[in-house]
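>>> could you work out the structure for the sequence below:
(4 chains)
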2 protein chains.
Amino acid sequence: MGAQRSALPDLVDDSPALWDEGFGKAARGLLTGGVRCFAAQGFHATTTRDITAAAGLSPAALYVHFSSKEEVLFEITRTGHKSSLDVLTLVPPDTDPATHLRGLVAAFVSWHARHHVAARVSQYELGALTSEHYEVIVGLRRRSTSVFHDALTHGITAGAFPDADAHRVVRAILSLGVDLVRWYRLDGADSPEELGEYYADLALGMVAAAASRRAR
Amino acid sequence: MGAQRSALPDLVDDSPALWDEGFGKAARGLLTGGVRCFAAQGFHATTTRDITAAAGLSPAALYVHFSSKEEVLFEITRTGHKSSLDVLTLVPPDTDPATHLRGLVAAFVSWHARHHVAARVSQYELGALTSEHYEVIVGLRRRSTSVFHDALTHGITAGAFPDADAHRVVRAILSLGVDLVRWYRLDGADSPEELGEYYADLALGMVAAAASRRAR
DNA sequence: GTCTATAGAATGATAGAC
DNA sequence: GTCTATCATTCTATAGAC
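Numbering: from 1, shown residues only, chains lettered A, B, ... in the order given. Got it, this is the predicted structure:
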């Protein structure tokens, strides 16, 4: 590696891989190696030799499957954001807006906890993407944000939630999910599902508190 | 710079500099240049030439004032964490635990908003520090966490707050403050103080929601 | 303390054999 | 599709003049 050994603790990652069969075996190995290197050291401190070594290949093998180191990062962040969005769209609608919002928060948070290593790369390394690739990721992020925003405004319109500032509350809810990749460990106290349920409660508490402020 | 142009939007930074008079004029210029480069591109994508050019100096000038690029980062993160901790310790005690916790959250959040560029470096670039320097930062972080933890447990013991899980709630509150450096802009809708007040309400809502869960 | 010049090492990506 | 070898560049840090 180019940089000195990272001061951060090692990241354990036994989450299921996100890559589908569209990538061959070698490409999937490079993506998995890339995720672990990028998460531990960051994109710019990771060399192409780090990635290929993690995949058990020679330095030149990377360019058979990807056009550049940046393209490895792009595929990782695109796959991660797509997976996170898919999990949201699979949350069943519910006649009770509070139950629906709880389900969305629990799904978003538990996904980020289970895939915290890949999520760390997806969230923190976007600055290394080209402008074109960055715009693709921004599009996926907008769709995730909209899912939360729609659920919250629907509940407000239906009278199930008090009149909260949807934009600010959605941003705060997303912060809970995103920031956990900074500290979450799979061997810690909470399973991804437990943390998801816990944060779903906290999110509903924020909705109530934001409403009481506006009513002031 | 070593990397291509960042895909992220430019970061506007008109916050007051954090460096005291212990640093000379040239050293302060290098720290300010380092903050902006590290925030925009990350530590490893920033070259020593980027930093010295931002300070209007030659590449060799950096090593007159700092022993390495990493030491520039260390001084930035140390000063940032110290300033953030100082703001917390200056929050006046209050006989009402809820008022005290509100004040702590408002101070923590508004500091991170006002100094969001320096805070971004302090929060996201710690992996580039040496182990020794990293431990110094961890010590400062523990002290900040303890301030929140003590305020919350004191309120629970005094009966002002219901019986919440202090560790988890403190982590969630810190996430609100830390994650805003990922999206906050000084030219946006909320001033640092407005955002601080708003998030203080959200934090108290989380305390209430966490308590109701435990009582279930 | 500031500069110009450069040493010494590492990096992203490519050439060409098998 | 994988490899070894290497090119061309870039980077951190230092040497030494002023």
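>>> spell out which residues of chain A are next to DNA strand D.
The interface of chain A toward DNA strand D, taken as C-beta under 7 Å from any atom of the strand, is made up of A:24, A:26, A:52, A:56, A:57, A:58, A:59, A:60, A:61, A:64, A:65. Using the backbone N, CA and C atoms, a C-beta is placed for each residue, glycine as well.
>>> which ones are touching residue A:36?
Going by C-beta atoms under 8 Å, 6 or more residues apart in numbering or on different chains, residue A:36 touches A:11, A:13, A:54, A:117.
>>> turn the residues of chain A next to DNA strand D into a markdown table, including neighbour count.
Listed next are the residues of chain A next to DNA strand D as a markdown table, based on neighbours: other C-beta atoms under 10 Å in any protein chain shown:
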| residue | neighbour count |
| --- | --- |
| A:24 | 12 |
| A:26 | 16 |
| A:52 | 21 |
| A:56 | 11 |
| A:57 | 17 |
| A:58 | 11 |
| A:59 | 13 |
| A:60 | 9 |
| A:61 | 18 |
| A:64 | 12 |
| A:65 | 19 |
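>>> tell me the two of those that are most distant?
A:24 and A:59 (18.5 Å; C-beta to C-beta).
>>> residue B:135: which of the residues of chain A next to DNA strand D is nearest?
residue A:52 (32.5 Å).
>>> what residues are up against that closest one?
Going by C-beta under 8 Å, 6+ apart, residue A:52 touches A:30, A:33, A:58, A:59, A:60, A:61, A:62.
>>> name the element it belongs to?
In the assignment (DSSP states H and E), residue A:52 maps to helix A:48-54.
>>> in that helix, which residues are buried?
Buried residues in helix A:48-54, counting neighbours by 16 or more other C-beta atoms under 10 Å in any protein chain shown, are found at A:48, A:50, A:51, A:52, A:54.
>>> how about stretch A:105-115?
Neighbour-count burial for stretch A:105-115, counted by 16+ other C-beta under 10 Å, picks out A:105, A:106, A:107, A:108, A:109, A:110, A:111, A:112, A:113, A:114, A:115.
>>> state the helix or strand in which the second one lies.
Secondary structure assignment for residue A:106, by DSSP H and E: helix A:97-114.
>>> any idea which helix or strand comes after that helix?
Helix A:97-114 is succeeded, C-terminally, by helix A:116-124 (DSSP H and E).
>>> how about that next one and chain B, any contact?
Yes: using C-beta under 8 Å from any C-beta of the partner chain, helix A:116-124 reaches chain B at A:123, A:124.
>>> give me the contact list for that helix.
A:11, A:13, A:15, A:18, A:34-36, A:38-39, A:42-43, A:73, A:76-77, A:79-81, A:84, A:111-112, A:137, A:178, A:180-182, A:184-186, B:124, B:182.
>>> pull out the buried members of those.
The buried subset of the contacts of helix A:116-124 - by 16+ other C-beta under 10 Å - is A:11, A:13, A:15, A:18, A:34-36, A:38-39, A:42-43, A:73, A:76-77, A:79-81, A:84, A:111-112, A:137, A:178, A:180-182, A:184, A:186, B:124, B:182.
>>> now distance to residue B:171 and pLDDT too, for the buried residues of helix A:48-54, in TSV please.
Shown next, in TSV, are the buried residues of helix A:48-54 (distance: C-beta to C-beta, whole Å; pLDDT from 0 to 100):
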residue	distance to residue B:171	pLDDT
A:48	36	98
A:50	31	98
A:51	32	98
A:52	37	98
A:54	31	98
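>>> just the closest of those to DNA strand C, please.
Nearest to DNA strand C, judged by C-beta to the nearest atom of the strand, of the buried residues of helix A:48-54 is residue A:48 at 4.0 Å.
>>> for the closest one, which residues are in contact?
Residue A:48 touches A:59, A:62, A:69, counting by C-beta under 8 Å, 6+ apart.
>>> quick one: pLDDT of the first one?
Going back to what we said before, that points to residue A:59. pLDDT, residue A:59: 98.
>>> and residue A:155, how many neighbours does it have?
20 (other C-beta atoms under 10 Å in any protein chain shown).
>>> got a list of what the nearest residue to residue A:165 once chain neighbours are set aside touches?
Spatial nearest neighbour of residue A:165, chain neighbours left out: residue A:210 (6.0 Å); criterion: C-beta to C-beta, 6 or more residues apart in numbering or on different chains. Residue A:210 makes contact with A:164, A:165, A:168, A:169, B:198, B:201, B:202, B:205 under the criterion C-beta under 8 Å, 6+ apart.
>>> quick check: the first one touching residue A:207?
What it means is residue A:164. Yes: shown here, residue A:164 and residue A:207 form a contact pair, counting by C-beta atoms under 8 Å, at 5.5 Å.
>>> between these two, which contacts overlap?
Joint contacts of residue A:164 and residue A:207 (C-beta under 8 Å, 6+ apart) are residue A:152.
>>> picking that back up, distance to DNA strand C, pLDDT and secondary structure added to the contacts of residue A:210, as a markdown table?
Formatted as a markdown table, the contacts of residue A:210 follow (distance: C-beta to the nearest atom of the strand, whole Å; pLDDT from 0 to 100; DSSP: H, G, I helix; E, B strand; the rest coil):
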| residue | distance to DNA strand C | pLDDT | secondary structure |
| --- | --- | --- | --- |
| A:164 | 45 | 93 | coil |
| A:165 | 43 | 95 | coil |
| A:168 | 39 | 97 | helix |
| A:169 | 40 | 98 | helix |
| B:198 | 41 | 97 | helix |
| B:201 | 45 | 97 | helix |
| B:202 | 41 | 98 | helix |
| B:205 | 45 | 97 | helix |
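>>> what's the closest of these to residue A:154?
residue A:164 (12.4 Å).
>>> let's see the pLDDT reported for the closest residue to the closest one other than its chain neighbours.
With sequence-adjacent residues excluded and distances taken as C-beta to C-beta, 6+ apart, residue A:164 is closest to residue A:210, at 4.1 Å. Note on residue A:210: pLDDT of 92.
>>> what's the helix or strand for residue A:210?
Taking DSSP H and E as the definition, residue A:210 sits inside helix A:192-214.
>>> quick check, residue A:161 in contact with residue A:151.
No: with contact defined as C-beta under 8 Å, residue A:161 does not reach residue A:151; the gap is 9.6 Å.
>>> report the set of residues contacting both of these two.
Shared contacts of residue A:161 and residue A:151 (C-beta under 8 Å, 6+ apart): residue A:97.
>>> got the contact list for residue A:94?
Counting by C-beta under 8 Å, 6+ apart, residue A:94 makes contact with A:100, A:103.
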